[in-house]
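*Asks:* Okay, structure incoming, though there's no sequence with it:
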């Protein structure tokens with residue numbers, strides 16, 4: 001599916017999602033992370049590297065992701081779950 005290379009937000013409508021489709025979609029539009037059915041840390045990291053506020057769409061935050069977010073954009077602190085805020 002080449003269409004996802006231009007419109008990452010259309011991931012919501014992709015039935016057979018693969019890791020490559022996830023990564024392509026997230027690179028196009030970090031907001032597409034909210035439609036990733038099988039969120040792996042690699043995909044989430046790609047999204048938060050582009051925009052720290054994408055952390056809001058991460059189902060399971062990790063220490064590493066929270067630190068990456070803070071390094072990318074300190075204003076995205078508001079997206080970090082309280083249990084991880086001591087890290088930054």
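*Replies:* That came in fine, so what should we check first? Just so it is clear, the structure is predicted and the values come from calculations on it, not from any experiment.
*Asks:* Please pull out the lowest mean pLDDT helix or strand from the protein.
*Replies:* helix 19-28 (a mean of 90; mean pLDDT, DSSP states H and E).
*Asks:* Looks like residue 73 contacts residue 50 (just checking).
*Replies:* No - judged on Cβ atoms under 8 Å, residue 73 makes no contact with residue 50 at a distance of 10.0 Å. (C-beta placed from N, C-alpha, C; glycine too.)
*Asks:* thinking again about what came up before, show me what the least confident helix or strand of the chain is packed against.
*Replies:* Packing partners of helix 19-28 (3 or more Cβ pairs under 8 Å, 6 or more residues apart in numbering; DSSP states H and E): helix 41-50.
*Asks:* measure residue 22 to residue 16 for me?
*Replies:* Residue 22 is 12 Å from residue 16, where distance means Cβ to Cβ, to the nearest Å.
*Asks:* And the two? Which one has more around it.
*Replies:* Per other Cβ atoms under 10 Å, whichever of residue 22 and residue 16 has more neighbours is residue 22, with 27 against 6.
*Asks:* ok now do the more buried one, which residues does it touch?
*Replies:* Contacts for residue 22 were tallied using Cβ atoms under 8 Å, 6 or more residues apart in numbering; they are 11, 36, 38, 40, 43.
*Asks:* quick one, what contacts the first one?
*Replies:* Shown in contact with residue 11 (Cβ under 8 Å, 6+ apart): 4, 17, 21, 22, 25, 32, 35, 36.
*Asks:* still on that earlier bit, separate out the buried members of the contacts of residue 22.
*Replies:* 11, 36, 43 (16 or more other Cβ atoms under 10 Å).
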